[in-house]
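1. quick check, what structure comes out for this input:
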Amino acid sequence: MASVFFLIAAFLAFTSSSLMRVTRAEWIADNDGLRSVAQLRSDGSDISPPTVTDSGAGLSVECVEAFKQLEVNNMTSVLTAMIDAWGKPGPGILSGDLYWFGDYLQCTSMSHSKYCVSTFDITTGKSVLPIHLGLCLPKNCSDADGFNFPRYFENVTESPSMRQALAVLSGYIDEYTSNYSGWCSAPLTHTTGSVISFGLVGIIVSLLLTGTFVDWYFFNDLPAQASDTGRGSFNVNVTKIERNSPFNGFGGVEPSSGNAITRRTASPGNGRDAVHERSPLLAIPSRPAEYQGPRHVRRWLEVLRCFSVPRKLTIILAAKHKTGTIPSLHGLRVFSMFWVILGHGYIWAMIVGESNAIYALQITKRVSFQLVVNGTFSVDTFFFLSGLLVMFLTLKYLEKNGRVRWHAFYLHRYLRLTPLYMFVILASIYIVPYFGSGPMWVPVMVESTAACKKYWWTNMLYIQNFYPVSMTDGCLDWGWYMANDMQFFIISPLVIMAAYKLRALGAAVSCGVLVAVSIVTRAVLTDHYKMHMDGNFKNQLMTSGLPNNVETIVYEKPYTRIATYAIGMAVGYMLPRAQQQFTSRSYGTRVVMSITGWLLTALFLCLPVFSLSGIYATQTQLSLAGSVAYETLARISWGLGLACLVLLCHSGYGGYVNSILSHPMWIPLSRLTFGAYLVHPIVLDIIYVSLDNAVYFTDAAVVFHYVAAVTVSYLTSLVCAVGIEYPLLELESKFLGSR
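-> This next block holds a predicted model:
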């Protein structure tokens, strides 16, 4: 047993000088501090241990007794395995490897042990440096024992010589470290909420199975017989359940003049799909004709039919443009979602923790990294698309019908977004914790589930961009976009009716006022709070969530973000007239307008993305005047670039760009973008937070994780669309009718 504790003493003597924890942005760039830690790791000669003192009984009696029992019961091999699972320093301290998690799986696989992470600060030079130290302790040790174990580990033995040696190490740690905290893993327990959540999932699955059977058996909506190839075949006619209400910038149902939800009816095939007179031996047996029973029974069967999986997949995966659509919007929506996931992927990797943090932050100096750090413009693209569609579709409806039932306009919007949104929140609280594990899993899940249990109602009311005050304190903090978009939608009828009544003048004045509001508020707030644009990406990560930070004051507020929405509404007014006005010009004029339009598009889109690459390369701050100018004009520039792009594509002068953006393959992904936005941060949590060790940050690693995140996010969105989103849309159309 003495040899085992000597191993403990030797290990902690080796590591104690560099066990650290801190806010991430203070230590990473301090290479001198890291060098001093590395030197202490090598020989410990820079610091003389303090005089041996009794540190007191810092561990619980149960924890100390558990260690003693391992000794008394001759379970040295178990204790050795536990110590072997502890985190240990490895190479790369100078690169910022300060996450020493040990072997989580080895520890948790032993019946006698529990896994804890002790985090604390160590002062070296002018820096306060962090560490996360993985510990494998007996199960009888409390969470507080896990946090404080490095300070009081000499109490686990009664041997005078060992206590004296371990007290030296404990005193050393007390002298140079502070701010102890941490967490311990614990098996998940089923709560009432988790039982209800999994029960709800079971009900949804049952409805899908029942709906598919009802669709197949009672409505004869699947292939009745097989062709000569032995496979069933059928054609689909599409009829429209007129919705006539605009959707948001995420899409979900392909935007058309009526924003229809399609309903399939079977029709006989023709050509090679025709049913042959002689069927093969293994032909699918024929089914009864469509149900013709009592009306009330048929009504309930039609309700169940809304959950038919084949019908929903046919709608979602249909890749064909409809008449009156704006094809380029599909590509814009999908590429913007890809961009969102790319930016969040890099941020998640940096926030969760890297074993080469210094190298990771050097990447931020590259010009190409501007495409990552400025991924926030992708959200402005969603605002632009949302404003464009609400104006384009509602004006078309007004011109056709003369009026809009505005209560249905708002109700449909709320019902369109909220059910899936609330389900994702419910899943994030009670289901997602079962999808991962690891050293970092517990604190992340505890924080996120606590926030959602407390503030879920603010998401349901779409006010989470105002309450709680800090964006990062709320439930699903990326839901700030949803709140802004709903708030913009609420005031959109004012602009729509101005455009409908006063035409171009009304559209120009109302949209211009909204843009002016954004300009003034961004300028005033940036100047008042002295918000310098910072080229040090780590500082941006550090200040995220703090009071009076840029996210809380400027980034998430509707009055600062409405400019691109207003520009989108202006374009939505112009689109029906743009092609006719463009083609009515002479050939030479059209050529000049096309070239000018593409030059303006490139200028407006590239300026906000790459104009700050200089301060990122030098890790400096922009002057206050420059910061005000950038914050005020950057997103307006982006909106104008999108306006030029969409107008050129819609007018027939988009060339290869329009061919790419309008390709039919984007249509199914476009319909799934809303769900992908809601679930992709959860997918990133599962990818990064459930890792057993810190990320070794390389471009290749992030790209592989990025591809995985995109794929899983869209597949999850497909499941949500089939099981929740599209069935409820069809139910809404049946019970509430068109607007």
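2. pull out the buried positions in the helix or strand encompassing Gln580.
-> Using DSSP states H and E, the element containing Gln580 is helix 558-583. For helix 558-583, the neighbour count (16 or more other CB atoms under 10 Å) marks 558-575, 578, 582 as buried. Where you see a C-beta, it was placed from the backbone N, CA and C, and this is true even at glycine.
3. report the secondary structure state of His663.
-> coil (DSSP: H, G, I helix; E, B strand; the rest coil).
4. got the contact list for it?
-> For His663, the contact set (CB atoms under 8 Å, 6 or more residues apart in numbering) comprises Gly331.
5. relative to Ile341, how far out is it?
-> To Ile341, His663 is 20 Å away according to CB to CB, to the nearest Å.
6. do Ser368 as well
-> Distance of Ser368 to Ile341, given as CB to CB: 17 Å.
7. compare neighbour counts for these two and give me the winner.
-> Ile341 (23 against 10; other CB atoms under 10 Å).
8. tell me which residues in the helix or strand hosting the more buried one are buried?
-> Following DSSP H and E, one finds Ile341 within helix 328-352. For helix 328-352, the buried set under the neighbour-count rule, 16+ other CB under 10 Å, comprises 328-352.
9. equivalent analysis for stretch 304-315, please.
-> Leu304, Arg305, Cys306, Phe307, Ser308, Pro310, Arg311, Lys312, Ile315.
10. send the alpha carbons of it over as CSV?
-> Taking C-alpha atoms only, stretch 304-315 is exported to CSV below (Å, rounded to 0.1, in the frame of the first residue of the first chain):
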residue,chain,number,x,y,z
LEU,A,304,-54.4,9.4,-38.9
ARG,A,305,-53.4,9.5,-42.5
CYS,A,306,-51.6,12.8,-41.8
PHE,A,307,-49.0,10.8,-40.1
SER,A,308,-48.3,8.5,-43.1
VAL,A,309,-44.5,8.3,-43.5
PRO,A,310,-44.6,7.7,-47.3
ARG,A,311,-46.8,10.6,-47.9
LYS,A,312,-44.6,13.0,-45.8
LEU,A,313,-41.4,11.7,-47.5
THR,A,314,-43.0,12.3,-50.9
ILE,A,315,-43.7,15.9,-50.0
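11. check the offset of it from the chain's centre.
-> 27 Å (CA atoms, centre = their mean, to the nearest Å).
12. again, but for stretch 488-505
-> Distance, stretch centre to chain centre, for stretch 488-505: 32 Å (CA atoms, centre = their mean).
13. next one: stretch 462-472
-> Relative to the centre of its chain, stretch 462-472 is centred 17 Å away, using CA atoms, centre = their mean.
14. can you list contacts of that stretch?
-> Contacts of stretch 462-472 (CB under 8 Å, 6+ apart): 455, 458, 474-475, 477, 479-480, 482-484, 486-487, 544-547, 549, 551-552, 555-558.
15. show the buried residues in the residues you listed.
-> 455, 458, 474-475, 477, 479-480, 482-484, 486-487, 544, 549, 551-552, 555-558.
16. what's near enough to touch the residue nearest to Ile196 when sequence neighbours are not counted?
-> Spatial nearest neighbour of Ile196, chain neighbours left out: Tyr430 (7.6 Å); criterion: CB to CB, 6 or more residues apart in numbering. For Tyr430, the contact set (CB under 8 Å, 6+ apart) comprises Thr191, Gly193, Ser194, Ile196, Ser197, Phe198, Thr449.
17. most neighbours among those, which one?
-> Neighbour max across the contacts of Tyr430 (other CB under 10 Å) = Ser197, 19 neighbours.
18. show me what contacts it?
-> Ser197 touches Leu426, Ala427, Ile429, Tyr430, Ile431, counting by CB under 8 Å, 6+ apart.
19. any chance of CSV for those residues, columns distance to Leu494 and secondary structure?
-> Shown next, in CSV, are those (distance: CB to CB, whole Å; DSSP: H, G, I helix; E, B strand; the rest coil):
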residue, distance to Leu494, secondary structure
Leu426, 34, helix
Ala427, 36, helix
Ile429, 37, helix
Tyr430, 40, helix
Ile431, 40, coil
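20. let's have those in TSV, adding pLDDT.
-> Formatted as TSV, those follow (pLDDT from 0 to 100):
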residue	pLDDT
Leu426	97
Ala427	97
Ile429	95
Tyr430	95
Ile431	96
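21. what is the nearest of the residues you listed to Pro668?
-> Among the contacts of Ser197, Ala427 lies closest to Pro668 (CB to CB), at 22.9 Å.
22. not counting sequence-adjacent ones, nearest residue to that closest one?
-> Ala427's closest residue in space is Ser197 (CB to CB, 6+ apart), at 6.7 Å.
23. just Gln292 next, same as before
-> Arg298 (8.0 Å).
24. that neighbour belongs to a helix?
-> Yes: under three-state DSSP, Arg298 sits within a helix.
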